[in-house]
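A.B. asks: no sequence on this one, just coordinates:
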């Protein structure tokens with residue numbers, strides 16, 4: 001586990017909720033340094049977890065499991081300087097099979113709490129439901145905001161849900177990353193997360209809203225590309241779309257927006273290339289909406305849309321006369337520069353007697369999460 005240059009390393013432990021305590025953490029030995037041969041032995045993992053504000057003297061930790069015991073625990077690392085001043089910080093591993101249910105709040109009744117959720121060997125997850133706890137969320141200024149990656153990367157918030165304005169019409173919400181940090185302010189949150197690719201996020205329903213972000217906004221090392229289809233073979237919707245922020249920087253960057261019907265009739269098709277714009281409304285009536293981005297890492301897209309159920313009492317005639325509304329006004333904003341950061345990987349607490357780490361991680365100057373794959 002390696003911190004950024006000039007910083008110290010610290011970590012939190014997360015366990016999958018299996019119904020059993022993971023005793024393998026008693027078999028993991030921790031060394032201060034980048035290898036156990038030269039690093040200083042500082043104790044078993046189980047003992048270090050009891051310490052408050054624990055950090056390395058060097059810029060790294062090494063974890064060693066001589067017993068080769070399979071583990072359901074993960075150590076999640078951060079730069080010490082990025083988390084030491086957070087009022088409360090914890091990590092949470094998302095279950096790969098069932099829903100992950102969480103309750104987020106500051107246990108000392110302070111204003112802020114931070115939780116980093118992550119999943120092993122996944123590329124995305126969903127916020128399925130979210131509820132502000134009325135017993136704690138009694139301040140109209142309270143909110144939940146979600147940022148990509150961990151506090152080490154310090155990415156700006158992407159999602160923001162306020163007590164005064166939140167409605168369930170915007171859920172589920174796709175997070176196109178394996179890591180995201182949730183920040184609660186003056187509130188308590190009950191939420192459900194899951195990895196199921198068949199999330200209701202892709203389903204259509206009247207008055208439901210969706211927000212789409214290119215994946216590189218969640219993880220700057222990710223490709224920005226996406227290809228999403230929202231459809232219903234039986235109902236016709238007015239897809240009211242807002243191109244909130246579109247930056248297509250290079251030749252060959254293409255954003256396609258298409259609305260149509262199952263019989264092949266396309267009522268709205270827009271193709272955007274090498275352009276910058278913000279808050280451009282377009283709309284189309286049909287049974288499906290397809291959104292597709294093929295771009296370079298420097299391009300970014302944020303758009304949202306609402307699905308409005310149409311009166312289809314005379315569905316046959318209506319299908320023949322489907323129209324679209326495409327306002328022509330386009331505004332070009334100044335370019336928004338998003339904070340870039342390094343990608344990190346995840347860490348399962350297992351190793352071998354001959355090797356301290358089997359790390360799967362992209363090139364990075366700072367590793368927030370390191371994966372120790374079990375050898376068994």
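C.D. replies: Cool, the structure landed. Everything numeric in this text was worked out from a predicted model, so none of it was measured. Numbers count the residues shown, from 1 in each chain.
A.B. asks: Bridged to residue 79, which residues?
C.D. replies: Listed beta-bridge partners, residue 79: residue 9 (assigned using DSSP bridges).
A.B. asks: With the one 10 residues further on instead?
C.D. replies: With beta bridges defined as DSSP bridges, residue 89 has these partners: residue 114.
A.B. asks: Residue 181 and residue 152 touch, don't they?
C.D. replies: No - in this structure, residue 181 is not within contact of residue 152 by C-beta atoms under 8 Å, at 9.6 Å. Every residue, glycine included, has its C-beta placed from N, CA and C.
A.B. asks: more crowded one of these two?
C.D. replies: Higher neighbour count among residue 181 and residue 152: residue 152, with 27 against 23, using other C-beta atoms under 10 Å.
A.B. asks: Rounded mean pLDDT for stretch 266-285, please.
C.D. replies: Per-residue pLDDT values over stretch 266-285 give a mean of 96.
A.B. asks: Distance from the chain centre to that stretch, please.
C.D. replies: Relative to the centre of its chain, stretch 266-285 is centred 26 Å away, using C-alpha atoms, centre = their mean, to the nearest Å.
A.B. asks: what's the first-to-last distance across that stretch?
C.D. replies: The first and last residues of stretch 266-285 sit 9 Å apart, counting by C-alpha to C-alpha, to the nearest Å.
A.B. asks: Who does residue 101 form a beta bridge with?
C.D. replies: With DSSP bridges as the criterion, the beta-bridge partners of residue 101 are residue 192.
A.B. asks: what's near enough to touch it?
C.D. replies: Under the criterion of C-beta atoms under 8 Å, 6 or more residues apart in numbering, the contact partners of residue 101 comprise 190-192.
A.B. asks: For these, which single residue is the most surrounded?
C.D. replies: Note: the member of the contacts of residue 101 with the most neighbours is residue 191, at 20 neighbours, neighbours being other C-beta under 10 Å.
A.B. asks: Wait, that one touches residue 104, no?
C.D. replies: Yes - taking C-beta under 8 Å as the contact criterion, residue 191 and residue 104 are neighbours in contact, 6.9 Å apart.
A.B. asks: isn't residue 180 right next to residue 144, touching?
C.D. replies: No - under the criterion of C-beta under 8 Å, residue 180 lies out of contact with residue 144, with a separation of 11.7 Å.
A.B. asks: do you know how far residue 303 is from residue 280?
C.D. replies: Residue 303 sits 9 Å away from residue 280, taking C-beta to C-beta, to the nearest Å as the criterion.
A.B. asks: Do I have it right that residue 308 meets residue 238?
C.D. replies: Yes - with contact taken as C-beta under 8 Å, residue 308 and residue 238 are classed as touching, separated by 4.2 Å.
A.B. asks: State the number of residues packed around residue 74.
C.D. replies: Residue 74 has 25 neighbouring residues, counting by other C-beta under 10 Å.
A.B. asks: In a strand, it, correct?
C.D. replies: Yes - for residue 74, which was evaluated using DSSP: H, G, I helix; E, B strand; the rest coil, the result is membership in a strand.
A.B. asks: ok so, going back, okay, residue 308 and residue 238: which has more neighbours?
C.D. replies: Neighbour tally, residue 308 and residue 238, criterion other C-beta under 10 Å: the higher count belongs to residue 238, 19 against 15.
A.B. asks: what bridges to the more buried one?
C.D. replies: In this structure, residue 238 has beta-bridge partners residue 285, residue 308, where bridges are defined by DSSP bridges.
A.B. asks: what's the answer for the one 5 residues further on, then?
C.D. replies: Under DSSP bridges, the beta-bridge partners of residue 243 are residue 280.
A.B. asks: what residues are up against residue 202?
C.D. replies: Residues in contact with residue 202, defined by C-beta under 8 Å, 6+ apart, are 228-230.
A.B. asks: Then residue 17?
C.D. replies: With C-beta under 8 Å, 6+ apart as the criterion, the residues that contact residue 17 are 95, 100.
A.B. asks: quick one: what helix or strand has it in it?
C.D. replies: Secondary structure from DSSP states H and E places residue 17 outside every helix and strand.
A.B. asks: Quick one, grab the pLDDT at it.
C.D. replies: At residue 17, the pLDDT value in this model is 88.
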